[in-house]
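Engineer: here is a sequence with its predicted model. Questions after.
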Amino acid sequence: MAPFGSRLAAAMAARGPLCLGIDPHPELLAAWGLSADADGLARFADACVRAFAGFAVVKPQVAFFEAYGAAGFAVLERVVAELREAGVLVLADAKRGDIGSTMAAYAAAWAGSSPLAGDAVTASPYLGFGSLRPLLDTAAANGRGVFVLAATSNPEGASVQQCRGPDGRSVAQAMVDAAAAENRGAAVLGSVGVVVGATLSVLPDVSQLHGPVLVPGVGAQGGRPQDLAGLGGALPGQLLPAVSREVLRAGPDAEALRAAAERMRDAVAHLG
């Protein structure tokens, strides 16, 4: 399998720079008239799979599947398989982070040959970027990608991410720079990306990342598509805006979901 970064660059060029979220939280299940159980979860996920076929990237939020135990993971496995069968790149929003053999086990689950493994996974580096080594190596060996949390939009994040080290860099910038080192030598786009919130006022410099930048918070959370170009010094073709509620509130009808997703794709087309 070709490296994730190459596949992502091709998908964004062909189908637009947009990552659509599948976030079946209980309030949204209720708004769709669905039960807050594994059956409602499956119906929600099936509508999203039908609506999002043909888009570049889809990001299931793992926590909302995990909440239903084995039945939820069974739904997630089916979602991953069906989206990939439809040619969609799947980014598992699992935000895993640990050390040693435990990190290696997470790597096997989300970036190895497990049925949970999609095309990429999100990861937390806040036990030290080096703690991600088992995940980075497993992902590279399997042609998968990793998106490392760098600068998140939650208020608590800044207390850690904006701290500065002896060299004057913020912790967020150090994470971006460490990811950039993983991407050296990539032919098109590196397979190690970072996550940078769309609503932040203080941003790390991603101009030397040579990898994708996942930008959550667009739409309902306040990030405006027209303001994203050049975010953090990003180059054309580097930004991947992530949208969930702005599209999902158009459900439960799959055609209405697809229309909302197409409108958002048109709104961010200038980033491609």
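Structural biologist: Great, that's in hand. Residues are numbered from 1 along each chain as shown.
Engineer: what sits against residue 194?
Structural biologist: Residues near residue 194 by Cβ atoms under 8 Å, 6 or more residues apart in numbering: 147-151, 175-176, 179, 204, 206, 209, 211, 213-214. C-beta here means a position set from N, CA and C on the backbone, and glycine is covered the same way.
Engineer: how many other residues sit next to residue 218?
Structural biologist: Residues near residue 218, counting by other Cβ atoms under 10 Å, number 26.
Engineer: chain neighbours aside, what residue packs nearest to it?
Structural biologist: residue 241 (4.5 Å; Cβ to Cβ, 6 or more residues apart in numbering).
Engineer: hmm, that neighbour is touching residue 19, no?
Structural biologist: Yes: when contacts are counted by Cβ atoms under 8 Å, residue 241 is listed as touching residue 19 (6.7 Å).
Engineer: before we move on, the earlier item: residues in contact with the residue nearest to residue 218?
Structural biologist: With Cβ under 8 Å, 6+ apart, residue 241 has these contacts: 17, 18, 19, 198, 215, 218, 223, 225, 228, 268, 271.
Engineer: at 6 Å what do you get?
Structural biologist: Applying Cβ atoms under 6 Å, 6 or more residues apart in numbering to residue 241 gives the contacts 215, 218, 268.
Engineer: what about the residues you listed, which are in strands?
Structural biologist: residue 215 (DSSP state E).
Engineer: tell me which of the contacts of residue 241 is nearest to residue 108?
Structural biologist: Among the contacts of residue 241, residue 215 lies closest to residue 108 (Cβ to Cβ), at 28.6 Å.
Engineer: three-state assignment of residue 2?
Structural biologist: Per DSSP: H, G, I helix; E, B strand; the rest coil, the secondary structure class of residue 2 is coil.
Engineer: ok, for it, nearest residue in space, not its chain neighbours?
Structural biologist: residue 143 (6.3 Å).
Engineer: quick one: that neighbour and residue 6 touch, right?
Structural biologist: No: with contacts counted by Cβ atoms under 6 Å, residue 143 stays clear of residue 6, the gap being 9.0 Å.
Engineer: just the helices in the stretch 51-200 of the chain please.
Structural biologist: For the stretch 51-200 of the chain, applying DSSP state H, counting those that start in this stretch gives helices covering 62-66, 69-85, 100-111, 133-141, 158-161, 171-182.
Engineer: could I get these as CSV with distance to residue 118 and mean neighbour count?
Structural biologist: Listed next are the helices of the stretch 51-200 of the chain as CSV, based on distance: least, Cβ to Cβ, whole Å; neighbours: other Cβ atoms under 10 Å:
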stretch, distance to residue 118, mean neighbour count
helix 62-66, 10, 19
helix 69-85, 5, 17
helix 100-111, 8, 19
helix 133-141, 11, 20
helix 158-161, 26, 15
helix 171-182, 19, 22
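Engineer: which of those helices has the lowest average pLDDT?
Structural biologist: If you rank these by mean pLDDT, helix 158-161 sits at the bottom with a mean of 93.
Engineer: how many residues are close by residue 185?
Structural biologist: 7.
Engineer: sorry, that was for residue 115
Structural biologist: 13.
Engineer: going forward can the numbers begin at 39, since that is how I track them
Structural biologist: OK, 39 is where the count begins now, so the last one is residue 153.
Engineer: residue 115 is in contact with that one, correct?
Structural biologist: Yes: shown here, residue 153 and residue 115 form a contact pair, counting by Cβ under 6 Å, at 4.4 Å.
Engineer: report the secondary structure state of the residue nearest to residue 256.
Structural biologist: Assignment for residue 279 (three-state DSSP): strand.
Engineer: and it, how far is that from residue 268?
Structural biologist: Taking Cβ to Cβ, to the nearest Å as the measure, residue 279 falls 13 Å from residue 268.
Engineer: and residue 296, what does it touch?
Structural biologist: residue 89.
Engineer: now do residue 76
Structural biologist: With Cβ under 6 Å, 6+ apart, residue 76 has these contacts: 106, 109.
Engineer: enumerate every residue touching residue 188.
Structural biologist: 210, 213, 214, 232, 233, 234, 242.
Engineer: same question, residue 135
Structural biologist: 161, 162, 165.
Engineer: are any of the residues you listed buried, and which?
Structural biologist: Neighbour-count burial (16 or more other Cβ atoms under 10 Å) applied to the contacts of residue 135 gives 161, 162.
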